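>>> pasting the structure only:
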Ligand SMILES: Nc1nc2c(ncn2[C@@H]2O[C@H](COP(=O)(O)OP(=O)(O)OP(=O)(O)O)[C@@H](O)[C@H]2O)c(=O)[nH]1
Ligand SMILES: [Mg+2]
């Protein structure tokens, strides 16, 4: 596995270069049209939908654009495109106070559906905060999945931080309770709580989550709270429903999108941001401990438009 | 949610359209526009959608609208059929080696797709079939992946084979097969690490395994929630290492699962199983029609279409023509009535049929009041109590015969009188208004109308 550390953008590019045979042309070339016609909007739609933004959000955005084009009598396609990109960038801007918790005493609850990268992300966060000189504690509240605790223990070791855990099958809420008590007594700066992956349509599991959330609130009301939902960057429209349902169980304060080292664009974050107004705070770009980055809306949106088309398609279009 | 909106949209599109003989280009285009949106919302890949719509359009334009369907439903019916056939018309099983020979299965897929859990689930299925599976831990990267497989194997009461995380997966695979030969295992399942399809080194690892040991079945595990990326993943895995079958995981979620269509479209490989939960028994057969249903998100409409098509298939064309002729002349008899009742019952009765139509806008209660099935049963009993001669010649029915019929059917004589009278009126009406019944153009939902 390539352990080399690269930026998200660079990784994405190098990733694409690897399959160069299949990809030939950048979207910049696609956008050589000078006229703003139906074809232009159709291409735009294709790019946005292919980035997983979803047809509804995409149509909304394009409709907004059309209104502006008319009102400001814009004639130049490239100008139009830039306006669009800029407006999505503005939408995706992380609020200024988004990272305030990094300086406070905080408890971070990490939730999401199965396999999205919660445990790995906790490992990465623990190591990041620890290297910033903060006292970090990890709680292994996934008592359900086989070897989940062992997995997290390995990450705790890599980050050189303490971990609170229990046996497989134990009540996750009791792990949370113990961890919060321990964080208080040891004067921990940042408590990271890993939870079992759960599908948002499982009522009892969502109740279990609410319970954990309540326990933190009641046993450490003064701590700054962060609830992060982890979303797999390859997920499609279902991510919006996930975000909605998890937000219902625990107030979400941020999104972490993982696996953006692949070719997936994670465009669904745009839909979530515009519907639920939850900012993306970090992105995962690999499996090693430092493959975590603060979210950069500019790079993200650029990558969304950094579309390539495959040669076969090009041939049929010519 | 999504389902209602699509049904509503289609309803709006087709409100103005009457059931015409054939699907016009406009009908098809209008319906397919909505279908396209639905497919994109379901995460079917943009390019796959484009291609799919194109081929459906070509097939649908000019097609005859089936009895009982409106043009929109007819398009949906075609869309559904095309989707089912694209997804594989029948369920497929993992192909095993004959006799005592060992079948080697290699699992692969992206990180977090659900390979390890699925490995244990398949092992359970194989064990049920009397096989002796061996689970092999080839994920030497993710922390505690080996442990996870071991724990799962224990839960399933099957054997596992591990060599720690310092040996290359190729060598683990080789050693595992030797181990299986010595210990009488006939299925070897290699659980490999999750990897990105663009990670050349990691993809080479899989190629390497396949070059060094005989892998009989390479199974790709795909998360049902995957978005547009599904085509890149599936085609890359298939092109680079070769895939024999696909397993869709996390189908117990509420994702529409358009990835299934994308993956099938770009690889042509069968979808074997679907994961339906975290329990190790939650692995089910894949049914193409159910999947199509889910992606299209119009369960009710589809089952209605199904019933109508089934009934239509069974209707004898010749008989139908004759019936139409009779209708025009007002020559229908009680045998025709029985036929029409039979056809109706095949479709699950009137109220169940009407209940499935979103257009009616009538509540279930209202419907049950309006369509008294008990009453219909009485009428049928009356007809059944007639002699064949009486059925084909209603004119024979004199009071004595009516009395006998009433007794036989267990109804009051007044009911028989009323029914026969209505029937006669109906015949008259048909003679007076030729063209209103039957005839190619004006086909009515159930081919005919009776006074109930
Ligand atoms: N390529 C890549 N892989 C990642 C990233 N983040 C996590 N993964 C991998 O995704 C897989 C699942 O990660 P986990 O951290 O176990 O996910 P989880 O959400 O804790 O999973 P459950 O607890 O089983 O629900 C592992 O193989 C990780 O190595 C990322 O940013 N990029
Ligand atoms: Mg985990």
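Right, received. Where do you want to start? Nothing here was measured: the structure is a model prediction, and the numbers come from that model. Ligands and ions are numbered 1, 2, ... in the order given.
>>> center of chain B, which residue is that?
Geometric centre of chain B, nearest residue: residue B:289, 2.0 Å, by C-alpha atoms, centre = their mean.
>>> which SS class is it?
What DSSP: H, G, I helix; E, B strand; the rest coil gives for residue B:289 is helix.
>>> got it, and residue B:164?
The three-state assignment at residue B:164 reads coil, by three-state DSSP.
>>> Nearest residue to residue A:88 in space, ignoring adjacent ones along the chain?
Nearest residue to residue A:88 in three dimensions, chain neighbours excluded: residue A:301, at 5.0 Å (C-beta to C-beta, 6 or more residues apart in numbering or on different chains). Every C-beta, even on glycine, is put in place using the N, C-alpha and C of the backbone.
>>> Just give the number of residues close to that neighbour.
For residue A:301, the number of neighbouring residues by other C-beta atoms under 10 Å in any protein chain shown comes to 23.
>>> Report the beta-bridge partners for residue A:231.
Here residue A:231 sits in beta bridges with residue A:257, as judged by DSSP bridges.
>>> Residue B:138 now?
With DSSP bridges as the rule, residue B:138 is bridged to residue B:192.
>>> can you tell me the residue of the stretch 101-250 of chain A closest to ligand 2?
Proximity of the stretch 101-250 of chain A to ligand 2 (C-beta to the ion) peaks at residue A:119, 3.3 Å away.
>>> Let me see the backbone angles for that residue.
phi -60, psi -50 (degrees, to the nearest 10).
>>> State whether it and residue A:151 are indeed in contact, as I suppose.
Yes. With contact defined as C-beta atoms under 8 Å, residue A:119 reaches residue A:151; the gap is 5.4 Å.
>>> need the residues of chain A near ligand 2, please.
Applying C-beta under 5 Å from the ion, one finds that chain A approaches ligand 2 through A:118-119.
>>> Can you tell me which helices and strands the helix or strand where residue B:293 lies packs against?
Element membership for residue B:293, per DSSP states H and E: helix B:288-296. On a contact count with 3 or more C-beta pairs under 8 Å, 6 or more residues apart in numbering or on different chains; DSSP states H and E, helix B:288-296 meets helix B:25-41, helix B:71-86, helix B:259-267, helix B:299-314.
>>> Give me whichever of these is most buried.
The highest average neighbour count among these, using mean count of other C-beta atoms under 10 Å in any protein chain shown, belongs to helix B:259-267 at a mean of 26.
>>> still on that earlier bit, and the contacts of the helix holding residue B:293?
Residues outside helix B:288-296 that contact it (C-beta atoms under 8 Å, 6 or more residues apart in numbering or on different chains) are B:6, B:35, B:38-39, B:42, B:44, B:76, B:79-80, B:83-84, B:87-91, B:256-258, B:260-261, B:271, B:299, B:302.
>>> Return only those of those found close to chain A.
Under the cut-off given by C-beta under 8 Å from any C-beta of the partner chain, chain A has B:42, B:256, B:258 from those close to it.
>>> right, and the second one touches residue B:43 too?
So that's residue B:256. Yes. Counting by C-beta under 8 Å, residue B:43 is a contact partner of residue B:256 at 6.5 Å.
>>> quick one, phi/psi of residue 297?
Let's take chain A. Main-chain dihedrals, residue A:297, degrees, to the nearest 10: phi -60, psi -30.
>>> try again with chain B
Torsion angles at residue B:297 (phi, psi; degrees, to the nearest 10) stand at phi 70, psi 30.
>>> mind listing the strands for chain B?
B:103-109, B:133-138, B:159-161, B:187-192, B:217-223, B:245-249, B:271-275, B:283-285 (DSSP state E).
>>> Dump those into JSON lines; add mean neighbour count, distance to ligand 2 and mean pLDDT as well.
JSON lines is the format used below for these (neighbours: other C-beta atoms under 10 Å in any protein chain shown; distance: least, C-beta to the ion, whole Å; pLDDT from 0 to 100):
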{"stretch": "strand B:103-109", "mean neighbour count": "25", "distance to ligand 2": "17", "mean pLDDT": "98"}
{"stretch": "strand B:133-138", "mean neighbour count": "28", "distance to ligand 2": "18", "mean pLDDT": "98"}
{"stretch": "strand B:159-161", "mean neighbour count": "22", "distance to ligand 2": "21", "mean pLDDT": "98"}
{"stretch": "strand B:187-192", "mean neighbour count": "27", "distance to ligand 2": "17", "mean pLDDT": "98"}
{"stretch": "strand B:217-223", "mean neighbour count": "25", "distance to ligand 2": "15", "mean pLDDT": "98"}
{"stretch": "strand B:245-249", "mean neighbour count": "26", "distance to ligand 2": "15", "mean pLDDT": "97"}
{"stretch": "strand B:271-275", "mean neighbour count": "24", "distance to ligand 2": "17", "mean pLDDT": "95"}
{"stretch": "strand B:283-285", "mean neighbour count": "17", "distance to ligand 2": "21", "mean pLDDT": "92"}
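>>> what does chain B put close to ligand 1?
B:111-112, B:142, B:194, B:196 (C-beta under 6 Å from any ligand atom).
>>> Now intersect those residues with the helices, please.
Counting by DSSP state H, those place none of their members in helices.
>>> Filter the residues you listed down to the buried ones.
Neighbour-count burial (16 or more other C-beta atoms under 10 Å in any protein chain shown) is assigned, among these, to B:111-112, B:142, B:194, B:196.
>>> What are the structural domain limits within chain B?
Annotated domains of chain B cover B:4-87, B:103-298, B:307-436 [automatic domain parsing].
>>> Ok, which of those domains comes nearest residue A:64?
Closest to residue A:64 of these is domain B:4-87 (C-beta to C-beta; 18.4 Å).
>>> quick check: mean pLDDT across that closest one?
Average pLDDT, domain B:4-87: 82.
>>> Spell out which residues make up each domain of chain A.
By the assignment in automatic domain parsing, chain A contains the domains A:3-94+A:304-311, A:100-295.
>>> Identify, out of these, the most deeply packed stretch.
Of these, the one with the most neighbours on average (mean count of other C-beta under 10 Å) is domain A:100-295, at a mean of 21.
>>> could the residues of chain B next to ligand 1 be laid out in a markdown table, adding pLDDT and distance to residue B:207?
What follows is those, written out as a markdown table (pLDDT from 0 to 100; distance: C-beta to C-beta, whole Å):
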| residue | pLDDT | distance to residue B:207 |
| --- | --- | --- |
| B:111 | 97 | 19 |
| B:112 | 97 | 22 |
| B:142 | 96 | 20 |
| B:194 | 97 | 16 |
| B:196 | 96 | 15 |
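>>> Export those residues as JSON lines, with columns for distance to residue A:170.
Formatted as JSON lines, these follow (distance: C-beta to C-beta, whole Å):
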{"residue": "B:111", "distance to residue A:170": "27"}
{"residue": "B:112", "distance to residue A:170": "24"}
{"residue": "B:142", "distance to residue A:170": "23"}
{"residue": "B:194", "distance to residue A:170": "27"}
{"residue": "B:196", "distance to residue A:170": "34"}
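>>> which pair in these spans the largest distance?
Maximum distance among the residues of chain B next to ligand 1 (C-beta to C-beta): 13.5 Å, for B:142 and B:196.
>>> Now do the shared contacts for the two.
Here residue B:142 and residue B:196 share the contacting residues residue B:111, scored by C-beta under 8 Å, 6+ apart.
>>> circling back to that earlier point, ranking the domains of chain B by burial, who's on top?
Most buried of the domains of chain B by mean neighbour count (mean count of other C-beta under 10 Å) is domain B:103-298; its value is a mean of 21.
>>> any idea how far it is from the chain center?
25 Å (C-alpha atoms, centre = their mean, to the nearest Å).
>>> do the same with stretch B:66-83
On C-alpha atoms, centre = their mean, the centre of stretch B:66-83 falls 14 Å from the chain's centre.
>>> swap in stretch B:387-399?
How far stretch B:387-399 lies from its chain's middle: 45 Å, per C-alpha atoms, centre = their mean.
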